[in-house]
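Colleague: Sequence first, predicted coordinates after that:
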Amino acid sequence: MLDDFLWRATLAGVGVTLAAAPLGCFIVWRRMAYFGDATAHASMLGIALSLALSLPILPSVLFIALIMAITVSKFSGRSYAMDTLLGVMAHSALAIGLVAVSFLSGIRLDLMAYLFGDILAVSKMDLFIIWGGALFIIGLIRFRWSGLLLSILDKDLALASNFSPKREQLILTIALAIVVAVAIKVVGVLLIVAMLIIPAAAARPFSQTPEMMVVLAALIGSSSSILGLRASYLFDTPTGPTIVCIATGLFITSSLIRKLKTRHNLNLDNNEN
């Protein structure tokens, strides 16, 4: 089965979405979209470092993503507003990475594959790395679920329950860096945050509990990957952007269903009154 590139691509897409779904929910709850954007854009520096020093891409990207994420966490709230700091660092990191790559000579570089992903080129080793990272993220969030959730709901309650909000923030930062590193092959630098946020946002209107939102986000993300891969194959379109377009369509559909449901409930209340 793994000798078929379409099966490898499908399994890679599902693996990435299973890792991104729970983490995406925390990003939505904490309103950390720009934080994820800065970490993802910084990965371009990791790619440049990998190519310049002939190092494997995964550890190089993970190293740079961790540095960016920890730096943002340390300096946020000191001199600039959080959104300003993240905006500056996100776009600066991407620009510096692209400029650094342009100075590399004698290296054949498919820049579009790094920016938008190349899921159809996923190898067996890439697949093992993606699923290894996904299982690690799922296990980490499952193990730290209570602390992560309490640190979002109420920091004082988290402290009273012997959970350190700063430590939980660091755990979330590490998890985000890992997801960015393993997802580059599938959706690329520019689309990683979309796959973190859009499935979680689409799942939010139908979720009564945090656990339900994580499960629905995983289902929406996996469906987006499978349908996007199929649509890309049929219509000969870029695979990563097609997956994100399918996820966006599901988000729009969920928003419309939510509005119709809200309007229906209002009509019922008016009729009862």
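Modeller: Alright, I've got the coordinates. Numbering: from 1, shown residues only.
Colleague: Which strand or helix spans the residue nearest to the spatial centre of the chain?
Modeller: For the chain, the residue sitting closest to the mean C-alpha position, by CA atoms, centre = their mean, is Leu196 at 3.2 Å. Using DSSP states H and E, Leu196 maps to helix 192-203.
Colleague: Could you do Leu140 as well?
Modeller: Counting by DSSP H and E, the element that carries Leu140 is helix 124-143.
Colleague: which other residues reach the helix holding Leu196?
Modeller: Residues outside helix 192-203 that contact it (CB atoms under 8 Å, 6 or more residues apart in numbering) are 16-17, 20-21, 23-25, 27-28, 33, 36-37, 40, 43, 179-180, 183-184, 187, 213-214, 216-221, 224, 243-244, 247-248, 250-251, 253-255. Yep, even glycine has a C-beta here, placed from its N, CA and C like the rest.
Colleague: Now the buried members of those residues.
Modeller: 16-17, 20-21, 23-25, 27-28, 33, 36-37, 40, 43, 179-180, 183-184, 187, 213-214, 216-221, 224, 243-244, 247, 250-251, 254 (16 or more other CB atoms under 10 Å).
Colleague: Low-confidence ranges, the stretch 101-250 of the chain, go.
Modeller: Applying pLDDT under 70 to the stretch 101-250 of the chain picks out residues 106-109.
Colleague: tell me what the helix or strand just after the helix holding Leu140 is packed against?
Modeller: Using DSSP H and E, the helix or strand that follows helix 124-143 in sequence is helix 145-153. Judged by 3 or more CB pairs under 8 Å, 6 or more residues apart in numbering; DSSP states H and E, helix 145-153 is in contact with helix 5-30, helix 155-160, helix 165-187.
Colleague: For the last one, enumerate the helices and strands it packs against.
Modeller: Looking back up the chat, that one is helix 165-187. Using 3+ CB pairs under 8 Å, 6+ apart as the contact test, the elements touching helix 165-187 are helix 5-30, helix 33-53, helix 57-75, helix 124-143, helix 145-153, helix 155-160, helix 192-203, helix 239-272.
Colleague: Most tightly packed of those helices?
Modeller: Highest mean neighbour count among the helices and strands packed on helix 165-187 (mean count of other CB atoms under 10 Å): helix 192-203, with a mean of 27.
Colleague: ok now that one, how far from the chain's centre?
Modeller: 7 Å (CA atoms, centre = their mean, to the nearest Å).
Colleague: Give me the next element, helix or strand, following it.
Modeller: helix 210-235.
Colleague: Okay, angle between that next one and helix 192-203 too, please.
Modeller: 120 degrees (axes from the mean of the first three to the mean of the last three CA atoms, to 10 degrees).
Colleague: what angle do helix 210-235 and helix 5-30 make?
Modeller: Per the same axes, to 10 degrees, the angle that helix 210-235 makes with helix 5-30 is 140 degrees.
Colleague: Run a quick check on Lys124 versus Arg8, I expect a contact.
Modeller: Yes. With contact defined as CB atoms under 8 Å, Lys124 reaches Arg8; the gap is 7.0 Å.
Colleague: other SSEs contacting the helix holding Leu140?
Modeller: Packing partners of helix 124-143 (3+ CB pairs under 8 Å, 6+ apart): helix 5-30, helix 165-187.
Colleague: would you turn the ones you listed into JSON lines with distance to Lys74?
Modeller: As requested, these are arranged in JSON lines below (distance: least, CB to CB, whole Å):
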{"stretch": "helix 5-30", "distance to Lys74": "17"}
{"stretch": "helix 165-187", "distance to Lys74": "10"}
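Colleague: Leu51 is nearest to which of the ones you listed?
Modeller: Smallest distance to Leu51 across the helices and strands packed on helix 124-143 (CB to CB): 13.2 Å, for helix 165-187.
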